[in-house]
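Novice: task: produce atomic coordinates for the following.
(one chain, ligands or ions: 1)
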Amino acid sequence: MIDHLESERVILREMEEKDWIDVHKYASQERVCEYQPWGPNSEKESGGFVKQVLIDANQEPRSRFVFSITLRESREMIGAGEFNIRDHTNKVGEIAYIVNPKYWGMGFATEVAKLLIAYGFHECNLHRIFATCDPRNIGSSRVLEKVGMTKEGRIREHLLIKDG
Ligand SMILES: CC(C)(COP(=O)(O)OP(=O)(O)OC[C@H]1O[C@@H](n2cnc3c(N)ncnc32)[C@H](O)[C@@H]1OP(=O)(O)O)[C@@H](O)C(=O)NCCC(=O)NCCS
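Specialist: Numbers count the residues shown, from 1 in each chain. Below is the predicted model:
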């Protein structure tokens, strides 16, 4: 297991307990969780999320890898990139990402998604990597397009998002 991934502007490192404060900065905002089944988070919920991440990181075999996105220069934590092995036998993984709105539209999610995909194929030896997003989530769908993913279809009634 590599403990960090890096590209030109960001370093992804394993999420730590203290990160809940920076997680809360974005997870408490309505627009960040508009297309998510959770949130906006209370402080307790953001803390609980990070605690669960740490529990999952210690499972064997490990399926969940949650990285804090930090700026290379300032080391500020600006979001999270997640990698899940969904099927060990068939070598299938899923990526997800979230960025603090302060930094939206600057290419960070795209940079992070590329790192996660490279990690999955090269370090976890995966055969297939997928992602899902709400069809209305134009930013996320654009990120997936930019990193070279192919749209495979529409999964109906998949998640209970706020408006149903
Ligand atoms: C989705 C999200 C991660 C994108 O992060 P980001 O760092 O802003 O993404 P990038 O800058 O790498 O790319 C975003 C792209 O979407 C485009 N975009 C964003 N909102 C858009 C909109 N409403 N209409 C058209 N294009 C839009 C941007 O212009 C950019 O494309 P471009 O490079 O071709 O100009 C961020 O908005 C976020 O954290 N959202 C909340 C959590 C979330 O939805 N996560 C994904 C779960 S599926």
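Novice: and Val66, what is it in contact with?
Specialist: Counting by Cβ atoms under 8 Å, 6 or more residues apart in numbering, Val66 touches 14-15, 53, 56-57, 80-83. (C-beta placed from N, C-alpha, C; glycine too.)
Novice: in helices, which of those residues fall?
Specialist: If you go by DSSP state H, the contacts of Val66 have 53, 56-57 in helices.
Novice: considering these, which possesses the most neighbours?
Specialist: When neighbours are counted by other Cβ atoms under 10 Å, Val53 leads those with 23 neighbours.
Novice: low-confidence regions, the chain specifically.
Specialist: Low-confidence segments of the chain (pLDDT under 70): 1.
Novice: what segments of it are helices?
Specialist: 20-27, 43-57, 108-118, 138-146.
Novice: in CSV: those, plus distance to the ligand.
Specialist: Shown next, in CSV, are those (distance: least, Cβ to the nearest ligand atom, whole Å):
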stretch, distance to the ligand
helix 20-27, 7
helix 43-57, 14
helix 108-118, 3
helix 138-146, 3
